[in-house]
Each structure stands twice: as structure tokens, then as C-alpha cells.
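Novice: Here's my sequence, what's the structure:
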Amino acid sequence: MVQFIHQEAKEKASEIKLKTDEEFNIEKLRMVEAEKQKIRAAYEVKEKQVEVQKRIAQSNEVRFSRLKALKERDDAMQKVLAEAAAKLPGLVSSSEYPALLEALIYEGLTQLADTKVIVKGVAGGETATKAALAKALPRFEKWAKENKSAEFAAAISVTFSSESLKSGIGGVELIGFGGKITLNNTLQNRLMLAYETQLPTLRAKLFGK
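Specialist: Reported below is the predicted structural model:
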């Protein structure tokens, strides 16, 4: 009888141990799986962060490359402008300058379209400006008769100012409407105007875009 009780106790103890081991293994697997899920989640977060950082780095690289290209293009355009500006003194001393100066004065007079205009030449170019004005004035009077009226043409009074422009290489400045409007027709100003208006064409020729 005692032996039977011992045997039953052993079997019960073995059953309890087996059940305990089984529950332990189940709990261990659950904990391991939970930790794996945490690791996977953390890895996914890290992977996404790396991908975001990679995209940011690529975007920055593209942006910096574009900025560098734009700066190189701008430097090239400024070089072209500087080279053109360096040729202005030679243009002033050329045989083509008197006709150009006359055209600048005539253009300025027709643009202002005022009866009383003051013309200023650049310092050192007063003689050339007076000569060009003498040729441009009859053309302006003829233009006024054809496009304005005989009364307007008769009232025309264009005077050469004794005050020359302090800076500039060539060209003129015209003042009309009682000093309210000033038209800058100096070579530097016309160069900048041509540069700005022809910028797309220049870029296309230099860079193909």
C-alpha cells in the first residue's frame, strides 16, 4: 500500500514537472517571439531612418550639383558681359561711333517725344556728342512733323548741356518733361539692356538650353 502511494506521488510529481516544463517552454517561446518582434520593429524603424537619410543625402547632392552648375553658368555669363564691356572703349574710338552716337540721340528723342530736351554727353566726348546732336536734330524734327504735328515740331528746343556725365565711356543721357524723365542711353546702359533681353539666347548658345 505504501509502495502504491509512493508510485502515485512520483507519477503526480512527474506530471506536475512535465506540465511546468511545458508552460515554461511556452512562456519562453512567447517571450522570445515578443523580443523578436521588438527587434524587427526596431530594425524596420532603423531601416526607414537610413532610407530617409539616404534620400535626403541624394536630394542635397542633386541640389548642390544644380547650385554648382548654376554658379558656373552665371560665372560664364558674367565673363561674357565683362568681355563685352571691355570692348566699349574701342567702340568709342572707332569710325562707327559717330553714327552710333547719332542713332542713340535720335532714338532717345523719339522715345521721350518732348519738345524741350536736354542732352548730356560723357566727359571727354562733348565734341562728338555735339556733332552727333546736330545730325540727329533734323531727323527728330522730321519725325515730329510726320508723327506729331507741325506745332509740336515748331516748338522743339533741344539743348546740349554744359554739365557732362561724370562717369561713362560713351553714349548720352537725355532729360525731358522739365527734368521729370531721364533716359540713359549710355553704352554701358545699352549693353546691360542688351544683356538682359538676350540672356535666354546667350544661355542657349553657351549651354544648349
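Novice: Excluding residues flanking it in the chain, which one is nearest residue 186?
Specialist: Among residues not flanking residue 186 along the chain, residue 171 sits closest, at 3.7 Å (Cβ to Cβ, 6 or more residues apart in numbering). Where C-beta positions appear, they are placed from N, C-alpha and C, glycine not excepted.
Novice: quick one: that neighbour and residue 44, what's the gap?
Specialist: Shown here: residue 171 relative to residue 44, a distance of 70 Å by Cβ to Cβ, to the nearest Å.
Novice: ok, the two, which is more surrounded?
Specialist: In this view residue 171 and residue 44 are compared by other Cβ atoms under 10 Å, and residue 171 has more residues nearby, 27 against 10.
Novice: Test my guess that residue 97 contacts residue 187.
Specialist: No. At 9.2 Å, residue 97 and residue 187 do not qualify as touching, with contact defined as Cβ atoms under 8 Å.
Novice: I'd like to know which elements whichever helix or strand residue 100 is part of is packed against.
Specialist: Under the criterion of DSSP states H and E, residue 100 resides in helix 97-112. In terms of contacts (3 or more Cβ pairs under 8 Å, 6 or more residues apart in numbering; DSSP states H and E), helix 97-112 is packed against strand 116-121, helix 126-147, strand 171-176, strand 181-186.
Novice: Tell me which of these sits nearest to residue 203.
Specialist: Nearest of the helices and strands packed on helix 97-112 to residue 203, taken as Cβ to Cβ: strand 181-186 at 25.2 Å.
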